[in-house]
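*Asks:* below are the sequence and a predicted model; questions follow.
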Amino acid sequence: MIYSLVKTSTDERGDQRLVREAAWLRELEHVDDLEGQVPRVLDEGTTREGRRFLVVSLAAGEGETRAFTDDHARFLAKLGRARFKVADFEVSGCFEALQRQLRATPDPLLEEACADCEAALLYWTGPYVLSQGDFAPWNIRTLGSQLFVYEWGEARSEASPLDDVLHYLMIQRALRHRPLNTGYLTASMKHAHEFAVRAYPEWTWRPPVIGALTLAYLIGAVLHDSPAREAYRRLIRKRAAWMPHLLKGETFA
């Protein structure tokens, strides 16, 4: 059964989010591999009060699944292939977005961490993909062996292919007030590595690459004012304990 969901903004930031969401959903309508797995725009416009509204379809599914399953991996692989670009990190949209935000909001810790990312990925070329932006259990419903994923207001292009996997694993733990320590981060990196190898086998996914892209995810989440930003900042400060490039090793341990 298909339902409709009406969203109405309450401020300018909300207006921008709904405009972005509508634009991405209209683009995704043309991705055959994602048919029936993302909402469709049914209506949009402006209220009498001058605020944006958006009406989208919403499928009735079986509720949340906290585990990251093969169904989640398949969805993200299809999403990533819908729009991706191969680039060196220093000229990727991912790196440019971090640099742009750091110029607007200087932060010595994040600037130093970003330099570590650039150094670790200096000789690596890889895919940068379309990210849903808030890939989390509460934005996903299961439809048999498929997922229905909604809330696309934070979607972005040229993101790291690890971002949605790491976000899914880490944000739900953070919001349940469970510790985000280096051990849990390392376990999440292993899951992200397994996903990358399966979804993008054409590229090399050595531990230093996974570590650097994980650091890029943490930096971006802090800059986007994630609810887990303080925990993420602590992990960034402790990066010498988990980032393979700084450990000068080839493992996540």
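*Replies:* Okay, I see it. Numbers count the residues shown, from 1 in each chain.
*Asks:* quick one: low-confidence parts of this protein?
*Replies:* 1-2, 247-253 (pLDDT under 70).
*Asks:* and the helices in it?
*Replies:* 12-28, 70-82, 93-104, 108-120, 163-175, 182-199, 207-223, 229-237, 244-247 (DSSP state H).
*Asks:* which strands or helices does the second one pack on?
*Replies:* Using 3 or more C-beta pairs under 8 Å, 6 or more residues apart in numbering; DSSP states H and E as the contact criterion, the elements in contact with helix 70-82 are strand 125-131, strand 146-149, helix 163-175, helix 182-199. For glycine as for every other residue, the C-beta is placed from the backbone atoms N, C-alpha and C.
*Asks:* cutoff 6 Å now
*Replies:* strand 125-131 (3 or more C-beta pairs under 6 Å, 6 or more residues apart in numbering; DSSP states H and E).
*Asks:* now do the strand it packs on against helix 182-199, angle only.
*Replies:* 100 degrees (axes from the mean of the first three to the mean of the last three C-alpha atoms, to 10 degrees).
*Asks:* what lines up beside strand 125-131 in the sheet?
*Replies:* strand 84-88 (antiparallel), strand 156-159 (antiparallel) (DSSP bridges).
*Asks:* can you pull the buried residues of that strand?
*Replies:* G126, P127, Y128, V129, L130, S131 (16 or more other C-beta atoms under 10 Å).
*Asks:* surely the second one touches Y200?
*Replies:* If I follow you right, that is P127. Yes: counting by C-beta atoms under 6 Å, Y200 is a contact partner of P127 at 5.4 Å.
*Asks:* sorry, back to before: out of the helices of the chain, which comes closest to E64?
*Replies:* Nearest to E64, of all these, is helix 163-175, at 9.1 Å by C-beta to C-beta.
*Asks:* would you mind measuring from D11 to E44?
*Replies:* 17 Å (C-beta to C-beta, to the nearest Å).
*Asks:* chain neighbours aside, what residue packs nearest to A77?
*Replies:* A199 (3.9 Å; C-beta to C-beta, 6 or more residues apart in numbering).
*Asks:* so that neighbour sits right up against K78, yeah?
*Replies:* No: counting by C-beta under 6 Å, A199 stays clear of K78, with 9.1 Å between them.
*Asks:* and these two? Which one has more around it.
*Replies:* Legend: neighbour count by other C-beta atoms under 10 Å for A199 and K78, higher for A199 (21 against 15).
*Asks:* any idea how far that one is from L162?
*Replies:* 10 Å.
*Asks:* who are the contact partners of Q146?
*Replies:* Contact analysis of Q146 by C-beta atoms under 6 Å, 6 or more residues apart in numbering lists Q37.
*Asks:* how far away is it from S160?
*Replies:* From Q146 to S160 the distance is 24 Å (C-beta to C-beta).
*Asks:* again, but for E21
*Replies:* E21 is 21 Å from S160, by C-beta to C-beta.
*Asks:* which one's more surrounded, these two?
*Replies:* Counted by other C-beta under 10 Å, E21 and S160 do not tie: S160 has more neighbours, with 27 against 24.
*Asks:* got the phi and psi for the residue in the chain sticking out farthest from the centre?
*Replies:* Here the chain reaches farthest from its C-alpha mean at R48, the gap being 34.2 Å by C-alpha atoms, centre = their mean. Per-residue torsions, R48: phi -60, psi -30 (degrees, to the nearest 10).
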